[in-house]
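Q: The following block contains a protein sequence and its predicted model.
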Amino acid sequence: MAVTLDTTLGQILDDPQAKAVLDTYLPGVSSNPMIAMAWNMTLNMILAMPQAAQFGLTKEVANNILAEINKRIP
């Protein structure tokens, strides 16, 4: 299954390889105590929030993360 901007953060974090990619681009995000509030949100939903930029998550970064995840996970 391809990971897209409509994939939830929880789905990404549930896969160890995808989680590793996410942590490479956004160090510490998976261990942030606030992550539970975004667990069921899609990446599109997260990108629409002003706080996303505070964590360094822009649409460009999200697309890079997705591309890397989709390379690693068949």
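A: Thanks, I have it. Just so it is clear, the model here is predicted, and its values are computed rather than measured.
Q: From residue 29, how far off is residue 72?
A: Residue 72 sits 18 Å away from residue 29, going by CB to CB, to the nearest Å. Placement of C-beta: from N, CA and C, glycine included.
Q: So the two - more neighbours on which side?
A: Set residue 72 next to residue 29 and count neighbours by other CB atoms under 10 Å: residue 29 wins out with 18 against 13.
Q: Residue 51 is in contact with that one, correct?
A: No - judged on CB atoms under 8 Å, residue 29 makes no contact with residue 51 at a distance of 11.5 Å.
Q: and residue 32, how many neighbours?
A: Neighbour count for residue 32, taken as other CB under 10 Å: 12.
Q: Do you have the helices of this structure handy? List them.
A: Here the chain has its helices, by DSSP state H, at 9-14, 16-25, 35-38, 43-47, 51-54, 59-72.
Q: and of these, who's closest to residue 3?
A: Set against residue 3 and scored by CB to CB, the helices of the chain come closest in helix 59-72, at 4.8 Å.
Q: just checking, what packs against the closest one?
A: With contacts taken as 3 or more CB pairs under 8 Å, 6 or more residues apart in numbering; DSSP states H and E, helix 59-72 sits against helix 16-25, helix 43-47.
Q: Single out the most deeply packed of those.
A: Comparing the helices and strands packed on helix 59-72 by mean neighbour count (mean count of other CB atoms under 10 Å), helix 43-47 ranks first with a mean of 17.
Q: Who are the packing partners of it?
A: Using 3+ CB pairs under 8 Å, 6+ apart: helix 43-47 touches helix 9-14, helix 59-72.
Q: Tabulate the helices and strands packed on helix 59-72 (a markdown table), appending mean pLDDT and distance to residue 68.
A: Converted to a markdown table, those look like this (pLDDT from 0 to 100; distance: least, CB to CB, whole Å):
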| stretch | mean pLDDT | distance to residue 68 |
| --- | --- | --- |
| helix 16-25 | 95 | 5 |
| helix 43-47 | 95 | 13 |
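Q: Alright, I will stop here.
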